[in-house]
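A.B. asks: Using only what follows, build the 3D model:
(2 chains)
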Amino acid sequence: MRGMTPIVKTVTRGMAGMIFLYGIYIVLHGHLTPGGGFAGGVMVAAAFVLVFLAKGSPEAVSEAKKERSSMAESLGILTFWVLAMIGLIGGTFFYNFLTKGKPFRLLSAGFIPLNNIAIGIEVAGALFAIFITLAVLKAGGKK
Amino acid sequence: MIIVLCPLIVLMILGGVVALEATSLLSSVVLLGIVGFGLSAAFLILQAPDLAIVQIVVETLSLIIFIAVILKTTSKDTSTRGRGRTPHYVMAAAFALIFVLAASWALASIPPFGMPSLRMAEAYLSPNSLLQPTGAANLVAAVILDFRGYDTLGEATVLFTAVMGVLAVLRKTGRKP
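C.D. replies: Residues are numbered from 1 along each chain as shown, chains lettered A, B, ... in the order given. This is a model prediction of the structure:
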């Protein structure tokens, strides 16, 4: 797939990293500020989508990237499920097994930040895999 | 609040109707964006910043995916219109009439705006029980990831299954030519 004009490429070079960092910030502060794993994960995926659309990519690279983002998605949901299962040791499914800490600190609220990170990885991998499959790769396979 | 919300909803409905009538798929996707971004603004007005952020980023990304797919394939709307579709319009009008009657009958019995009929969130959100159980400053995160973790697990599973479906349908290996 073709890339875009040099203007878009130059702006993308500066912006993509910032969008990526902002997505990670939204994920990490999910238990303190509005946002959370889902919104931050979509932003991380959007940063990758921006780079792919602006620069264009050979299809051989995209196939490997699709495998990797699909694997990241699976690892994310597996982490979320394992965190829920660890709670079974403390008594119930989804038992908050870590210490609560002081409110309004980054390290507080037990395992909610970890859950946010797992959801963020899952959403970012899922949406990027869908984007690669639908928009970059040829849908019909080889003809 | 209602004064701002009503024109917004009318604008969203108009955007949806015009998106149905547009001849080019590209313009109808862009018009569909009115519905999504209008919904995001409505969430902001109703003081739900979490939902507004999610809605605006998901809308942007899905718009980009739609546009990328349309640019790669076709932008022509091949559905038939005009002659021979009168029965469809009659059936649609009848269904709309029945729906409006049923909705007006059902909406008469719901509680007023802003007063939810389900009261189970009160135990989570009351001021003296909030910070002790979870320690999270964001109420929404506390509810969706701790009290209601099952729901979030189900949601994540839905997304996972959707990706599995897309990857399985659009796969390259093992297809019959």
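A.B. asks: how much space between A:Leu98 and B:Gly149?
C.D. replies: According to Cβ to Cβ, to the nearest Å, A:Leu98 stands 14 Å off from B:Gly149. Every residue, glycine included, has its C-beta placed from N, CA and C.
A.B. asks: Next up, the contacts around the residue nearest the centre of chain B.
C.D. replies: Centroid-nearest residue in chain B, with Cα atoms, centre = their mean: B:Gly36, separated by 7.3 Å. The contact partners of B:Gly36, by Cβ atoms under 8 Å, 6 or more residues apart in numbering or on different chains, come to B:Gln55, B:Val58, B:Glu59, B:Ser62, B:Leu63.
A.B. asks: Could you point out the longest helix of chain A?
C.D. replies: helix A:59-90 (DSSP state H).
A.B. asks: Could you list every helix and strand in contact with that one?
C.D. replies: helix A:112-131, helix B:149-169 (3 or more Cβ pairs under 8 Å, 6 or more residues apart in numbering or on different chains; DSSP states H and E).
A.B. asks: next one: that helix to chain centre, how far?
C.D. replies: A distance of 10 Å separates the centroid of the chain from that of helix A:59-90, by Cα atoms, centre = their mean, to the nearest Å.
A.B. asks: same thing with stretch A:13-26?
C.D. replies: Put simply, stretch A:13-26 sits 12 Å off its chain's centre (Cα atoms, centre = their mean).
A.B. asks: Repeat that for stretch B:12-24.
C.D. replies: Worked out by Cα atoms, centre = their mean, stretch B:12-24 lies 16 Å from the chain centre.
A.B. asks: So which bits of it are buried?
C.D. replies: Across stretch B:12-24, burial judged by 16 or more other Cβ atoms under 10 Å in any protein chain shown covers B:Met12, B:Gly15, B:Ala19, B:Ala22.
A.B. asks: contacts for it?
C.D. replies: B:28-29, B:31-35, B:38-39, B:42, B:75-77.
A.B. asks: and these, which two are the farthest apart?
C.D. replies: B:Ala42 and B:Lys76 (32.5 Å; Cβ to Cβ).
A.B. asks: Can you list the residue ranges for strands in chain B?
C.D. replies: Applying DSSP state E to chain B gives no strands.
A.B. asks: Give me the more crowded residue out of A:Leu98 and B:Gly149.
C.D. replies: The residue with more neighbours, out of A:Leu98 and B:Gly149, is B:Gly149; 23 against 17, by other Cβ atoms under 10 Å in any protein chain shown.
A.B. asks: B:Thr74 versus that one, what's the distance?
C.D. replies: Counting by Cβ to Cβ, the gap from B:Gly149 to B:Thr74 is 43 Å.
A.B. asks: How about B:Ile13?
C.D. replies: With Cβ to Cβ as the criterion, B:Ile13 and B:Thr74 are 28 Å apart.
A.B. asks: Next: A:Val49.
C.D. replies: 22 Å.
A.B. asks: for the chain, what are the low-confidence residue spans?
C.D. replies: Just so you know, I chose chain A. A:1-3, A:57-62, A:136-143 (pLDDT under 70).
A.B. asks: I was after chain B.
C.D. replies: Applying pLDDT under 70 to chain B flags the ranges B:79-84, B:114, B:116-135, B:173-177.
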